[in-house]
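In: coordinates only, sequence not included:
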Ligand SMILES: *Cc1c(COP(=O)(O)O)cnc(C)c1O
């Protein structure tokens, strides 16, 4: 199918809405009569400023972000935030709490240990991260500068269904793989961050939402470009922002608003995931990985009884136009990433394909 779009179930970078790509294609050589591409534009130009500030405003509207939170569009991926978060926040008490529910939260924890006294306040490592700890399993330190967790575990396919209660300690959440999939009470958080390539835009843009009073306490070694306070003062333009990906995010937010916003997206993504999980639970061949009450609506992980059969399934699915179904390289099995842009039809057809595969094998 060389000239057709496939159903791309990649974990990231991942599918973007077709209308967004088509509009970007239309505007690629001449944006809004400027005679140039957004990619070729000075980030200090009036026209680009309008795109940048407009996209911030669209995100503020989409997630109902209160005024005392600043929106930064930065480079470096979620991984750079693994360092930026402790550098900016740990100075208050020198201590921080982490919940370990997968590889990304583990990496964030390891990075933070370079900057202070960092403690594991909750973990699902005892059962290889098939579940999310309950509130009663969390042991928060009231003296921690912040509590960090990863809202959706992209690799393991689990998702926090509640916001942990850690008293007055600011919550920091890595929302890379489920931001914009449902409403979020931003006022419960100190910092929210997300790499854009899962649910928002292209790789290279990182969205950071910071409660303003938490900025301004960075440890002295903090690189200037990573200092929230300085980025806030410069409206996230201390250096060149990932300009084109910010523009794409703006188009994605227009698309989402036309659809009914995150409230509507929550209904869609719940339905999409339920379709797949129901099929897997009733199947005689496929076995879901995560505990029922902890399953991610974005990354569905499962396997068969045999690695051979997993491989055959992945191969035949790809030939039929359902691509990138292999599980994370250390986990094996299958992973179906169903981000916002995946149409319901993609999951319906995948389930049909799974049914036919089960019958034939
Ligand atoms: C993909 C991902 C990351 C890593 O993002 P980069 O942009 O590659 O740094 C971190 N956290 C989560 C939850 C992810 O899904």
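Out: Looks like it arrived, so ask away. All figures in this text were calculated on a predicted structure; none of them were measured in a lab.
In: how about the residues of the stretch 51-200 of the chain near the ligand?
Out: 77-79, 104, 150, 154, 174, 176-177, 195, 198 (CB under 6 Å from any ligand atom). Using the backbone N, CA and C atoms, a C-beta is placed for each residue, glycine as well.
In: return the distance of the residue lying closest to residue 31 once chain neighbours are set aside relative to residue 27.
Out: Nearest non-adjacent residue to residue 31, counting by CB to CB, 6 or more residues apart in numbering: residue 38, 5.0 Å away. Distance of residue 38 to residue 27, computed by CB to CB, to the nearest Å: 7 Å.
In: what do you get for residue 118?
Out: Applying CB to CB, one obtains 45 Å for the distance of residue 118 from residue 27.
In: before we move on, the earlier item: hang on, isn't the residue nearest to residue 31 packed against residue 55?
Out: No: applying CB atoms under 8 Å, one finds residue 38 not in contact with residue 55, separated by 11.2 Å.
In: higher neighbour count, those two?
Out: Shown here are residue 38 and residue 55; by other CB atoms under 10 Å, residue 55 has more neighbours (25 against 22).
In: may I see the buried residues of whichever strand or helix holds that one?
Out: With elements taken from DSSP states H and E, the one containing residue 55 is helix 46-62. By 16 or more other CB atoms under 10 Å, the buried positions in helix 46-62 come out as 48, 51-52, 55-56, 58-60, 62.
In: ok, back up a step: list residues touching both of residue 38 and residue 55?
Out: By CB atoms under 8 Å, 6 or more residues apart in numbering, residue 38 and residue 55 have these common neighbours: residue 247.
In: burial count for the closest residue to the ligand within the chain?
Out: Of all residues in the chain, the one sitting closest to the ligand is residue 77 (2.6 Å; CB to the nearest ligand atom). If you count neighbours by other CB under 10 Å, residue 77 ends up with 18.
In: likewise for residue 10?
Out: 17.
In: how close does it sit to residue 361?
Out: Distance from residue 10 to residue 361, by CB to CB: 24 Å.
In: what do you get for residue 72?
Out: 49 Å.
In: looking at those two, which is more packed in?
Out: Taking other CB under 10 Å, residue 72 and residue 361 do not tie; residue 72 has more neighbours (23 against 12).
In: what residues are up against residue 207?
Out: Residue 207 is in contact with 59, 71-74, 179, 192-194, 196, 200, 249, counting by CB under 8 Å, 6+ apart.
In: take those residues and keep only those in strands.
Out: 71-74, 192-194 (DSSP state E).
In: the stretch 51-200 of the chain: strands as residue ranges?
Out: 69-74, 95-100, 117-123, 147-150, 152-153, 158-159, 171-174, 191-195 (DSSP state E, counting those that start in this stretch).
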